[in-house]
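Visitor: Quick one, fold the following:
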Amino acid sequence: MSTSSAHFLANITTDFYTGLVSTTTPPDTTPPYVGYVCALVAVIFYGSNFVPVKQFETGDGMFFQWILCSGIFIVGLVVNIVRRSIFYPLAMVGGVVWCTGNLCVVPILKTIGLSLGLCLWATANLLAGWFSARFGMFGIKKEIPGNEIMNDISVFLAVLSAVVYTQVKSDISMSQVIQRVEDPDYETGITQATGSSSRLVSAAESETIYIVQTNTQDKQGLSFFEKLPPLEKRLLGITLAIISGIFYGLNFTPAIYIQDRIKSSSKNGIDYVFAHVCGIFMASTLYFIIYVIYQRNKPKIYPTVILPGLLSGVMWAVATACFFVANEVLSEPVSFPIINTGPALIASGWGVLLFKEITGKKNLLILSFAFCLTISTGVLAGFSKSTS
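Guide: Next up is the predicted model:
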């Protein structure tokens, strides 16, 4: 092969993995306040995206996650129509990573429960995103905040707040859990098959939907994970929670890698949203197809969750688009502590004010302490952006 041919093939390969269009994109100069506004919007939407689906049946979660990801994809299409961004296939990897991590949620809840699982994956999420940017891991450039000590303290408080939030107990009545409308034509719904019921809950972690099941089924209805010996079940749950959290924390890395390494690439994070959500939707569809095959073409489908699930996905995608912008404008070491802890404050607020799930003096005192930690995290992380 001639030298010119080799160069030609190398250029084609580079274009495929980095961008399908060679148009040079001028660098964007976004003022810092835009980053803070985007962080605030992300916090509000991540903390509220569970509200539309809270009272609907979600079954084993596989159908719901596909509907959720469909809503996410719709937002990506709108963003792409407006921005007409260069499509970077490498950015799709981040979406695949996030979707894969999200599949671990149900096994985690069945092995170690919500409180421990939440604490582990929220902490792993925060630390993975923070470490990768702060120390330049996986080929991305180091992002050193103006005030390193203040930033370090904000990360410590963020981890501490995640632990404190898990100590808040929700008082959820069975009427809230079971309230739903089931499809009369579907005779093998999860309630009929196993005697259990499911609902959707969002807690402190910002980028995950949790499926919580009431443990009313007999041994024949137990899943593979619930049949494991206690020690093996706990070790598996802890391992999956840490892996899931790391995947969440690294899902922005491919887009940041492109921004750092491709000179002609856009510096505006929102230009990578479409490729990112394409990765999410493709992975979600693939996993759902595998699930349907495993179920012998008899998946558990709940039609009433479709519209709420789409709305939930739209809210999640808006939050993620804002997260992309905040990462670029503020840098990950600043945005991650804010956006990974703030949604817990919003979600808990919904639980207290709307759903009346969090009651009692002790619970409210713990929640107030967690709120103080969250606010302190946001303030310190925000001020650490400034040069000392």
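Visitor: Chain neighbours aside, what residue packs nearest to S335?
Guide: A326 (4.2 Å; Cβ to Cβ, 6 or more residues apart in numbering). C-betas here are computed from N, CA, C, even on glycine.
Visitor: any weak-confidence spans in the stretch 201-350 of the chain?
Guide: Counting by pLDDT under 70, the stretch 201-350 of the chain contains low-confidence ranges at 201-226.
Visitor: cutoff 80 now
Guide: Scanning the stretch 201-350 of the chain for pLDDT under 80 picks out the ranges 201-228, 340-341, 344-345, 347-350.
Visitor: show me where it has strands.
Guide: 210-213 (DSSP state E, counting those that start in this stretch).
Visitor: re the thing from before, how close does the residue nearest to S335 get to V352?
Guide: 26 Å (Cβ to Cβ, to the nearest Å).
Visitor: And the two? Which one has more around it.
Guide: A direct count of neighbours by other Cβ atoms under 10 Å for A326 and V352 places A326 higher, at 27 against 16.
Visitor: Show me how far the lengthiest helix in the chain is from its chain's centre.
Guide: Taking residue count as the measure and DSSP state H as the definition, the longest helix of the chain comes out as helix 306-330. For helix 306-330, the distance between its averaged C-alpha position and the chain's averaged C-alpha position is 9 Å (Cα atoms, centre = their mean, to the nearest Å).
Visitor: Go through it and flag the buried ones.
Guide: Neighbour counts over helix 306-330 (16 or more other Cβ atoms under 10 Å) mark 306, 308-330 as buried.
Visitor: Give the other helices and strands that it contacts.
Guide: When contacts are defined as 3 or more Cβ pairs under 8 Å, 6 or more residues apart in numbering; DSSP states H and E, helix 306-330 sits against helix 32-48, helix 62-83, helix 253-261, helix 273-294, helix 332-353.
Visitor: list the buried ones in the fourth one?
Guide: I take that to be helix 273-294. Buried-residue list, helix 273-294, by 16+ other Cβ under 10 Å: 273-284, 287-288, 291-292.
Visitor: With the last one instead?
Guide: Neighbour counts over helix 332-353 (16+ other Cβ under 10 Å) mark 332-348, 350-352 as buried.
Visitor: Could you identify the helix or strand that succeeds that helix?
Guide: Following helix 332-353 in sequence order, the next helix or strand is helix 361-383 (DSSP states H and E).
Visitor: Please list the outside residues in contact with that following helix.
Guide: Contacting residues not belonging to helix 361-383 are listed as 36, 147, 150-151, 153-155, 157-158, 160-161, 164-165, 167-169, 330, 333-335, 337-338, 341-342, 344-345, 348, 352, 358 [Cβ atoms under 8 Å, 6 or more residues apart in numbering].
Visitor: Could you list the alpha-carbon positions for that helix in PDB?
Guide: Provided in PDB are the C-alpha atoms of helix 361-383 (Å, rounded to 0.1, in the frame of the first residue of the first chain):
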ATOM      1  CA  LYS A 361     -39.300  15.300  63.800                       C
ATOM      2  CA  LYS A 362     -36.200  13.100  63.500                       C
ATOM      3  CA  ASN A 363     -36.600  12.700  59.700                       C
ATOM      4  CA  LEU A 364     -37.100  16.400  59.200                       C
ATOM      5  CA  LEU A 365     -34.000  17.200  61.300                       C
ATOM      6  CA  ILE A 366     -31.900  14.800  59.300                       C
ATOM      7  CA  LEU A 367     -33.300  16.200  56.100                       C
ATOM      8  CA  SER A 368     -32.500  19.800  57.300                       C
ATOM      9  CA  PHE A 369     -28.900  18.800  58.000                       C
ATOM     10  CA  ALA A 370     -28.700  17.200  54.500                       C
ATOM     11  CA  PHE A 371     -30.100  20.400  53.000                       C
ATOM     12  CA  CYS A 372     -27.400  22.400  54.700                       C
ATOM     13  CA  LEU A 373     -24.700  20.100  53.400                       C
ATOM     14  CA  THR A 374     -26.100  20.300  49.900                       C
ATOM     15  CA  ILE A 375     -26.300  24.100  49.900                       C
ATOM     16  CA  SER A 376     -22.800  24.300  51.300                       C
ATOM     17  CA  THR A 377     -21.600  22.000  48.600                       C
ATOM     18  CA  GLY A 378     -23.100  24.200  45.900                       C
ATOM     19  CA  VAL A 379     -21.700  27.400  47.300                       C
ATOM     20  CA  LEU A 380     -18.200  26.100  47.800                       C
ATOM     21  CA  ALA A 381     -18.100  24.400  44.400                       C
ATOM     22  CA  GLY A 382     -19.400  27.500  42.800                       C
ATOM     23  CA  PHE A 383     -16.900  29.800  44.400                       C
END
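Visitor: quick one, helices of the stretch 51-200 of the chain?
Guide: When secondary structure is read from DSSP state H, counting those that start in this stretch, the stretch 51-200 of the chain shows helices at 62-83, 92-102, 105-111, 113-134, 148-165, 174-178, 190-194.
Visitor: Dump the helices and strands packed on helix 306-330 to CSV, plus distance to V105.
Guide: Output for the helices and strands packed on helix 306-330, formatted as CSV (distance: least, Cβ to Cβ, whole Å):
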stretch, distance to V105
helix 32-48, 15
helix 62-83, 9
helix 253-261, 21
helix 273-294, 13
helix 332-353, 16
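Visitor: P107: which of these is closest?
Guide: helix 62-83 (12.3 Å; Cβ to Cβ).
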